[in-house]
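Student: Based on what follows, work out the 3D shape:
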Amino acid sequence: ISSALLAALAALGAPATQAAPAACAAHSATLVASAAVLAQAAVLAAAHEAAPAGECAAGQTPEECAAEEAAANMKKAAKLRSQADDAVMKKNYKDAVALFTEAMKIESHNEKNVYKRSRVYSKMGNFKAELADLNHALDLKPDLLSALAFRAKAHLALGECRLAAEDYENVLKAKPAHGDAKKLLPKALECSAQIQQVEQFIAQSRFDQAERLASEIIEVTGKAPRVKMLRARTRFAMGNYFEAIADCGDVLKKEPDYIGALLLRGRAYYRVADHEMAQRHFKEALHQDPDNKEVKTEFKRVQKLVKLTNKGTANMKTHSTAAWNDALDAFKEALEVDPSHSEHNKVLFNHMCTIYTKWKKKAEATDACEQAIRLDTSVLDPYVSLADMLTRMAEETPEFEEALRAWQRAHDVHREDHRVREGLQRAEAGLRQSKQKNYYKILGVPRDAETSQIKRAYRSMAKEYHPDKHSDKSDEEKAVMEGKFQLVAEAYEVLSDAELRAKYDRGEEVFENQGNNNRGHGFPFGRRGGFHFHSRGF
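Tutor: The predicted model follows:
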């Protein structure tokens with residue numbers, strides 16, 4: 001019985017099944033009638049083509065029309081399959097998939113179309129699509145042994161080893177001598193047992209063992225997505241976020257719509273503070289599954305964190321007290337979004353450290369800077385900010401020991417950084433100077449004062465302490481004023497001379513016999529030394 005006749009018989013309600021010849025013999029009269037119908041359909045074909053689509057030609061009964069349409073569809077589907085086979089031969093796999101898809105639309109009940117398309121997906125490495133087609137083919141024809149064997153292989157390629165083992169066992173039940181099933185069943189069983197062991201290791205937080213075993217499975221099965229995801233989960237739990245990103249990336253190359261891989265990769269990017277990439281992956285996951293609550297939660301959290309951080313950094317750029325207070329508020333709120341997010345929180349603490357050290361708020365600055373250092377001991381900025389603040393404060397007190405310790409700690413971390421070298425030298429010089437005369441403090445100017453500022457301060461103080469202005473004072477008061485006058489003159493002599501000032505700033509001796517306080521100088525107001533130096537008040 002031809003396939004065309006079978007289709008016609010099906011349309012007429014006859015028992016057209018190749019597996020039941022007795023039933024066919026019992027309906028021989030129907031067979032003859034059906035053959036006559038087919039002959040008549042051929043005669044009326046031209047008239048039918050002229051009729052509108054979906055309508056029968058003039059003189060045709062509905063049964064005749066249905067039989068003719070079935071025969072035409074079978075012919076069209078066969079032609080599409082032939083074209084698809086040619087495309088496969090030429091490795092035009094996308095064209096082949098499209099052609100088989102068209103054939104499926106015409107013959108949705110024919111397992112050949114979907115089975116053949118599954119073989120194309122296999123050649124393309126799209127095992128997920130292959131698996132879906134093989135499931136469909138087996139729904140249409142449960143005893144299609146080749147589809148069952150290929151489904152087992154697809155399961156194995158995806159890392160679904162337990163399901164692969166079940167399919168291979170069913171293949172061997174139907175055909176005990178099946179070569180691939182006999183060869184691959186032990187491999188599938190071993191893989192299944194190993195995956196179960198990896199999952200147990202993960203549940204027990206034995207991540208090192210889980211990663212090693214997952215890597216061994218991958219060596220055997222190749223880049224199976226399900227096994228890759230197991231290792232990615234393990235690496236994420238171990239804090240190896242970049243390795244987890246790589247594993248999830250391999251999975252997404254094969255299955256771009258894999259929600260679990262998108263979510264885990266987004267989380268890994270979040271943990272390394274690449275919030276842009278994290279948001280991109282969460283968005284794609286929500287595109288695939290808009291109602292996924294887990295993804296929504298992750299996406300909202302990173303959005304809030306980015307918004308607060310951007311607000312704070314924008315306010316820092318304005319350099320106004322009010323804006324910096326707003327920045328601090330934003331950073332504090334951002335820290336509350338995810339206290340465990342150390343990779344980003346160290347940035348927030350560092351920003352706070354910068355603001356507090358600029359303001360010389362010692363307690364707050366020390367806390368913020370130390371928090372940043374605790375989260376990442378290799379980042380230099382909080383060391384420098386804290387040490388610089390302590391140095392500036394020491395230049396006012398002067399108490400350089402703490403500042404020197406802060407610079408030495410920074411030096412232990414980054415010996416070659418010019419800021420650290422210069423800061424350490426500055427603190428060492430300050431410590432030495434603190435045990436001698438502080439010329440900057442004598443003139444009441446900061447260490448970074450311009451020459452013009454130093455000159456103005458000198459003129460003002462020299463006039464105030466000039467001996468001629470205190471001639472009516474007691475001898476003791478005159479001595480005090482004369483001592484201060486000479487200190488002012490000595491400070492100006494050093495700080496107004498670029499070479500002497502540089503030596504002084506480096507903590508070097510600027511005069512011979514520097515320790516002798518009875519040193520005399522020439523003074524701009526015409527008086528010379530010989531006075532006894534008194535440093536009280538300075």
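Student: outside of stretch 316-325, which residues touch it?
Tutor: Applying Cβ atoms under 8 Å, 6 or more residues apart in numbering, the contact partners of stretch 316-325 are 315, 327, 351, 354-355, 359. Backbone N, C-alpha and C define where each C-beta goes, glycine included.
Student: Distance-wise, check the closest residue to Lys91 other than its chain neighbours relative to Val114.
Tutor: Distances taken as Cβ to Cβ, 6 or more residues apart in numbering place Lys123 nearest to Lys91, at 8.0 Å, with adjacent residues excluded. For Lys123, the distance to Val114 equals 15 Å [Cβ to Cβ, to the nearest Å].
Student: re earlier: grab the two from the contacts of stretch 316-325 that are most spread out in space.
Tutor: Asn315 and Trp359 (14.5 Å; Cβ to Cβ).
Student: Between the two, point out the one with more neighbours.
Tutor: Asn315 (22 against 13; other Cβ atoms under 10 Å).
Student: mind listing what's buried in the helix or strand harbouring the more buried one?
Tutor: Using DSSP states H and E, the element containing Asn315 is helix 293-316. Using 16 or more other Cβ atoms under 10 Å as the burial criterion, the residues of helix 293-316 that qualify are 295, 298-299, 301-302, 305-306, 308-309, 311-312, 315-316.
Student: Could you do stretch 214-227 as well?
Tutor: Neighbour-count burial for stretch 214-227 [16+ other Cβ under 10 Å]: 214, 217-218, 221, 224-227.
Student: burial count for Asn417?
Tutor: One thing to correct before we go on: residue 417 is Asp, not Asn. Around Asp417 there are 15 residues (other Cβ under 10 Å).
Student: ugh, wrong one, Arg501
Tutor: Neighbours of Arg501 (other Cβ under 10 Å): 18.
Student: Identify the residue nearest it in space, chain neighbours excluded?
Tutor: Leu495 (5.1 Å).
Student: Hmm, which of the buried residues of stretch 214-227 is lowest in pLDDT?
Tutor: In terms of pLDDT, the least confident member of these is Thr221, at 78.
Student: so how far is Lys153 from that residue?
Tutor: From Thr221 across to Lys153, the span is 11 Å (Cβ to Cβ).
Student: sorry, back to before: what is the burial count for the residue nearest to Arg501?
Tutor: Residues near Leu495, counting by other Cβ under 10 Å: 26.
Student: Equivalent analysis for the one 4 residues further on, please.
Tutor: As a burial measure, the neighbour count of Glu499 was computed by other Cβ under 10 Å and equals 9.
Student: to the chain's geometric centre, what's the distance from the helix or strand that it is a member of?
Tutor: If you go by DSSP H and E, Glu499 is part of helix 498-505. Centroid displacement of helix 498-505 relative to its chain, using Cα atoms, centre = their mean, to the nearest Å, is 51 Å.
Student: now stretch 461-475
Tutor: With Cα atoms, centre = their mean, you get 71 Å for stretch 461-475.
Student: Over to stretch 93-106?
Tutor: With Cα atoms, centre = their mean as the basis, stretch 93-106 stands 38 Å off its chain's centre.
Student: Over to stretch 426-433?
Tutor: That offset, for stretch 426-433, works out to 45 Å (Cα atoms, centre = their mean).
Student: Packing partners of the helix holding Glu499?
Tutor: Judged by 3 or more Cβ pairs under 8 Å, 6 or more residues apart in numbering; DSSP states H and E, the packing partners of helix 498-505 are helix 418-434, helix 475-495.
Student: still on that earlier bit, going by how many neighbours each has, rank Lys123 and Val114 and give me the top one.
Tutor: Neighbours were counted for Lys123 and for Val114 using other Cβ under 10 Å; Val114 has more, 25 against 12.
Student: Can you verify my assumption that that one contacts Lys141?
Tutor: No. Under the criterion of Cβ atoms under 8 Å, Val114 is not in contact with Lys141, lying 9.8 Å apart.
Student: just for the stretch 251-400 of the chain, where's the confidence low?
Tutor: Within the stretch 251-400 of the chain, the segments meeting pLDDT under 70 span 398.
Student: Quick one: the helices in it, in order.
Tutor: 259-271, 275-288, 293-316, 321-337, 342-358, 362-375, 381-394 (DSSP state H, counting those that start in this stretch).
Student: Switch the ones you listed over to JSON lines; also include distance to Ala164.
Tutor: Below are the helices of the stretch 251-400 of the chain laid out as JSON lines (distance: least, Cβ to Cβ, whole Å):
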{"stretch": "helix 259-271", "distance to Ala164": "20"}
{"stretch": "helix 275-288", "distance to Ala164": "26"}
{"stretch": "helix 293-316", "distance to Ala164": "28"}
{"stretch": "helix 321-337", "distance to Ala164": "43"}
{"stretch": "helix 342-358", "distance to Ala164": "39"}
{"stretch": "helix 362-375", "distance to Ala164": "45"}
{"stretch": "helix 381-394", "distance to Ala164": "54"}
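Student: Tally up the residues packed near the nearest residue to Leu99 once chain neighbours are set aside, please.
Tutor: Closest residue to Leu99 apart from its sequence neighbours, by Cβ to Cβ, 6+ apart: Ala84 at 3.7 Å. Applying other Cβ under 10 Å, we find 25 residues neighbouring Ala84.
Student: what's the answer for Ser452, then?
Tutor: Ser452: 8 neighbours (other Cβ under 10 Å).
Student: I figured Arg501 was touching Glu493, is that so?
Tutor: No. With contact defined as Cβ under 8 Å, Arg501 does not count as touching Glu493 (10.0 Å).
Student: who touches stretch 78-87?
Tutor: Here stretch 78-87 has contacts from 93, 95-96, 99-100, 102-103, 106, 112-113, 116-117, 120, using Cβ under 8 Å, 6+ apart.
Student: list the contacts for Arg265?
Tutor: Residues near Arg265 by Cβ under 8 Å, 6+ apart: 232, 244-245, 248-249, 252, 281.
Student: What about the residues you listed, which one has the most neighbours?
Tutor: Among the contacts of Arg265, Cys248 has more neighbours than the rest - 30 neighbours, counting by other Cβ under 10 Å.
Student: looking at the helices and strands packed on helix 498-505, which is buried most?
Tutor: helix 475-495 (a mean of 20; mean count of other Cβ atoms under 10 Å).
Student: what distance separates it from the middle of the whole chain?
Tutor: 65 Å.
Student: In CSV, could you pull the C-alpha coordinates for it?
Tutor: These are the backbone C-alpha positions of helix 475-495, laid out as CSV (Å, rounded to 0.1, in the frame of the first residue of the first chain):
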residue,chain,number,x,y,z
ASP,A,475,64.5,94.6,81.0
GLU,A,476,62.9,91.2,81.2
GLU,A,477,60.1,92.2,78.8
LYS,A,478,62.7,93.7,76.4
ALA,A,479,64.6,90.4,76.4
VAL,A,480,61.5,88.5,75.6
MET,A,481,60.6,90.7,72.6
GLU,A,482,64.2,90.8,71.4
GLY,A,483,64.3,87.0,71.5
LYS,A,484,61.1,86.7,69.5
PHE,A,485,62.3,89.3,67.0
GLN,A,486,65.4,87.3,66.3
LEU,A,487,63.4,84.1,65.9
VAL,A,488,61.2,85.8,63.4
ALA,A,489,64.2,87.1,61.5
GLU,A,490,65.9,83.7,61.6
ALA,A,491,62.7,82.0,60.3
TYR,A,492,62.4,84.5,57.5
GLU,A,493,66.1,84.1,56.6
VAL,A,494,65.6,80.3,56.1
LEU,A,495,62.1,80.3,54.5
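Student: Counting by contacts, list what it packs against.
Tutor: Short answer (3+ Cβ pairs under 8 Å, 6+ apart): helix 475-495 packs on helix 439-443, helix 451-465, helix 498-505.
Student: angle of the second one against helix 475-495?
Tutor: For helix 451-465 against helix 475-495, the angle between stretch directions is 170 degrees (axes from the mean of the first three to the mean of the last three Cα atoms, to 10 degrees).
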